[in-house]
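>>> With the input below, show me the fold.
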Amino acid sequence: MAKIKIKTKKGAKKRFKVTATGLVVHHKANKSHILTSKKRGRKNRLKKSSLVNSTDHLNVKRLIPYL
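You can find the predicted model right below:
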């Protein structure tokens, strides 16, 4: 008997990407509005994507099981 398929959470699918080695990447917050009061260096740091914390890694992988 076949296993039941798990639905992917669409919100998580749009927010996270999985690298070739299986790590989960996300974009940083606070880069959408009120940018005039933020320094250039801070905005440049916010451009870069970063890895999901190891404590949240398993939870995110459950949300996007087939990526």
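>>> hmm, who's touching the helix ranked longest in the chain?
As assigned by DSSP state H, the longest helix anywhere in the chain is helix 54-63. The contact list for helix 54-63, computed with Cβ atoms under 8 Å, 6 or more residues apart in numbering, reads 8-9, 12, 16, 23-24, 52. All C-beta spots, glycine's among them, are computed from the backbone N, C-alpha and C.
>>> neighbour-wise, which of the residues you listed leads?
Neighbour counts for those, by other Cβ atoms under 10 Å, peak at Val24, which reaches 22 neighbours.
>>> Run through the residues that contact that residue.
16-18, 51-52, 57, 60-61, 64.
>>> mind redoing it with 7 Å?
Taking Cβ atoms under 7 Å, 6 or more residues apart in numbering, we find Val24 in contact with 16, 18, 51-52, 57, 60-61.
>>> and the closest residue to it other than its chain neighbours, how far is that from Lys28?
Take Val24 and drop its neighbours on the chain: the residue closest to it by Cβ to Cβ, 6 or more residues apart in numbering is Val52, 4.2 Å away. Per Cβ to Cβ, to the nearest Å, Val52 is found 11 Å from Lys28.
>>> can you check Phe16 too?
Phe16 sits 13 Å away from Lys28, going by Cβ to Cβ.
>>> Please flag which of the contacts of helix 54-63 sit within strands.
Of those, the ones assigned to strands by DSSP state E are 16, 24.
>>> Out of the contacts of helix 54-63, which comes closest to His33?
Phe16 (22.1 Å; Cβ to Cβ).
>>> if I pick that closest one, what's in contact with it?
24-26, 52, 60, 64.
>>> mind listing what Lys48 touches?
No residues are in contact with Lys48 under the rule Cβ under 7 Å, 6+ apart.
>>> From the contacts of helix 54-63, pick the one nearest Met1.
Using Cβ to Cβ, Thr8 comes nearest to Met1 of the contacts of helix 54-63, at 22.4 Å.
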